[in-house]
Each structure stands twice: as C-alpha cells, then as structure tokens.
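[1] this is a predicted model, with the sequence first.
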Amino acid sequence: MNKKGFILIYILGISLAFASLLLFLNFRTEKYLESFKKKYDEIEIERIFDIGFEVAKKILENDKNNFDWIGENWAKERIFKIGNYQIRIVITDENSKINLNKILEEKGKTNETLLEIFKNLIVVLGYPFSLVDCFLDWIDEDNLPRPFGAESSYYHSIGFKFAPPNRNLLSLRELSFIKGFEKDILEGTEEKKGILNFITIYSDDKININTCKGEIINAMGFTKNQVDRILAERDYRPLNERFLIEINREAFLKYRNLIKYKSNYFKVSIFLKKNGEDEREKEGIFKKDKNIELIRKGIL
C-alpha cells in the first residue's frame, strides 16, 4: 500500500471515530435534556398543585358565616387554566362523614353514640353486621375476638404476622386488610354504595347534617320519607334545630350532641390535566378554626 492510501485510511478512521463520538455525545445530550425536561415538568406540576391548594385555602377563608352547607360557594367545583394545564378544584366536607377514629377514645372508652350511628349505617347500606365487630377488633387493645370479629389468631392464619395493630387507622386504605372489608363493600357496586363514601379519619366526633348524605341521616333514626323531606329542604336552605324537631323530635334529641351545622375539616382534591396526558390528582385536608391549616397532603 502506498503512502497516500495509508493516509486516506488513517483519515477515514479518524473521521469514523470522531463521528461515533459525536453520535454518542448527541445521544447522551438528548438523554440529559429529556431527563432535565422531565424533572422540570415535575417541579412545574408540583408548583401548580400548590397553587391549587392556595386557591382552595382562599375559598375557605372567604366562607365566614356560622354554618356550612352544600349550597355555598365553597362547595362549587372550580375549573381554570394555568399555562398548558387545566386545573380542577373540588372541596368536600369531611365533617359530613363518620370519623372511625373517634369511635374508640382514650383509655379504651367507647363513643357509644358514634358507634351506634356506624352500626346503623352498616344496616342501612345492607352490609353484614359482622363488619362492625371486625373493625372494633382491629383497633381495640385486647386480643379477645368479638362474636363476629377477628383477632390475631385469624390474621396469623392468613399470613398477617403483625395484625391486628390494635390502634386507630392510619389511612382508610388500611380497611382493606380487615376481615370482611372486601373491595365491593368499600368502593361499592352498581347496586350498593361503598362504605368509603360515608367514613373518614379526618374530622372531629360530630357530623354536619347540612352536608352529610341521606344514608347517614337515615342511620340517625329518621325514616326514608323524613330523609327525603330533609334533603328537599336542604336543597334550598341550611337546616336548623327547629326544622329537625318538627320532622322527628325523638331522633333529633337522641343524636343532638353528635349533630353540628358548621364544619372544621375539608378535603381538597386537585385534578391536573394537560392535553394528551392522563389526569393527575392530589388531595389534602384543611383544618378550619381561627386559622386555616393544611394538615395533610398526598396519600390520605
């Protein structure tokens, strides 16, 4: 091979190596930019979620009357745009539900009124009464199973080494581990509403009758016809003691200490949607007292 041919091959080799290096660097650069863009998008999404929670806080701050009712401004869904994102804000009242963590109080004392409402609700929804015993055995401190309940011997037999935990629920998702609380019971079916629609762990031991569902009012001892009258009245104005006494004095007086008309706990659901992408959701719990505080955000 002559000298010119050798030089040509050498130059081609150098060019090929240089081209390969450029392709490699271009690939690495694209990957880096892709990773950077993804990280930037995540930061932007979190910022928009935070804006949504701030908007929800302002809405709740502007509600300054002495009652909370489904016909108020805070209960209306909000939809607006931020850049390429559509943001939807839904505020719901956690005081409209039964707080399961308030059934057993400190030192094992039972809130009998709240427990009775929960028992009645299970009957109203048409689910097995054994659910109540299983739930109580999950959270109480002893290891003695109730007649239709389940304690450690049952859970150990199905592979749950450290169940039941004998404490209040950390999340409503925990209910799925309790005997009898199947998915259809928790989430509901076409024929029946699920229990999750009526319970919470983020409120006090009272229930706002201006926002709760008819099934809970029924569980308080009001008949179905009376519930219909109450809901019809509530479509136009918030309820008061006088009206409830006229409907069913006995039921009202029995659960009077459990009924409230103004709420302190609200769930805020933020839904984020960008064209061509799946909708994202983040939830938070606000406690409304003298001030409004976001007490939990993320997985509830």
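    Received it, and whenever you're ready, just let me know what you need.
[2] mind checking which helix or strand residue 42 is in?
    Here residue 42, judged by DSSP states H and E, is contained in helix 3-61.
[3] how close does the spatially closest residue to residue 228 that is not a sequence neighbour get to residue 206?
    In space, and not counting its chain neighbours, residue 228 is closest to residue 214: 7.8 Å by C-beta to C-beta, 6 or more residues apart in numbering. For every residue, glycine as well, the C-beta is placed using N, CA and C. As judged by C-beta to C-beta, to the nearest Å, residue 214 and residue 206 stand 18 Å apart.
[4] higher neighbour count, those two?
    Each of residue 214 and residue 206 has its neighbours counted (other C-beta atoms under 10 Å); residue 206 has more, 18 against 15.
[5] next, that one: phi, psi?
    When read as degrees, to the nearest 10, the backbone of residue 206 gives phi -110, psi 160.
[6] how about the helices in this structure?
    3-61, 112-125, 130-139, 152-157, 183-187, 214-219, 224-234, 241-254 (DSSP state H).
[7] stretch 233-250: which residues count as buried?
    By neighbour count with 16 or more other C-beta atoms under 10 Å, stretch 233-250 contains the buried residues 234, 238-239, 244, 247-248.
[8] sorry, slip of the keys, the one I care about is stretch 85-98.
    Using 16+ other C-beta under 10 Å as the test for burial, stretch 85-98 gives 85, 87-98.
[9] export the residues you listed to a markdown table and tack on distance to residue 116?
    Output for the buried residues of stretch 85-98, formatted as a markdown table (distance: C-beta to C-beta, whole Å):
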| residue | distance to residue 116 |
| --- | --- |
| 85 | 46 |
| 87 | 41 |
| 88 | 37 |
| 89 | 35 |
| 90 | 31 |
| 91 | 29 |
| 92 | 25 |
| 93 | 22 |
| 94 | 20 |
| 95 | 18 |
| 96 | 18 |
| 97 | 16 |
| 98 | 11 |
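[10] from the residues you listed, which two are the most distant?
    Maximum pairwise distance among the buried residues of stretch 85-98 (C-beta to C-beta): 35.3 Å, between 85 and 98.
[11] mean pLDDT lowest for which of the helices of the chain?
    Among the helices of the chain, helix 3-61 carries the lowest mean pLDDT, a mean of 69.
[12] what's in contact with stretch 182-190?
    Identification of contacts with stretch 182-190 by C-beta atoms under 8 Å, 6 or more residues apart in numbering yields 127, 131, 175-176, 192, 194-197.
[13] only alpha carbons, please: show that stretch as CSV.
    Below are the C-alpha coordinates for stretch 182-190, written out as CSV (Å, rounded to 0.1, in the frame of the first residue of the first chain):
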residue,chain,number,x,y,z
GLU,A,182,-63.9,-6.5,50.6
LYS,A,183,-63.3,-4.1,47.6
ASP,A,184,-67.0,-4.2,46.6
ILE,A,185,-68.0,-3.3,50.2
LEU,A,186,-65.5,-0.5,50.4
GLU,A,187,-65.9,1.0,47.0
GLY,A,188,-69.5,-0.1,46.2
THR,A,189,-71.1,-1.6,43.2
GLU,A,190,-73.9,-0.6,40.8
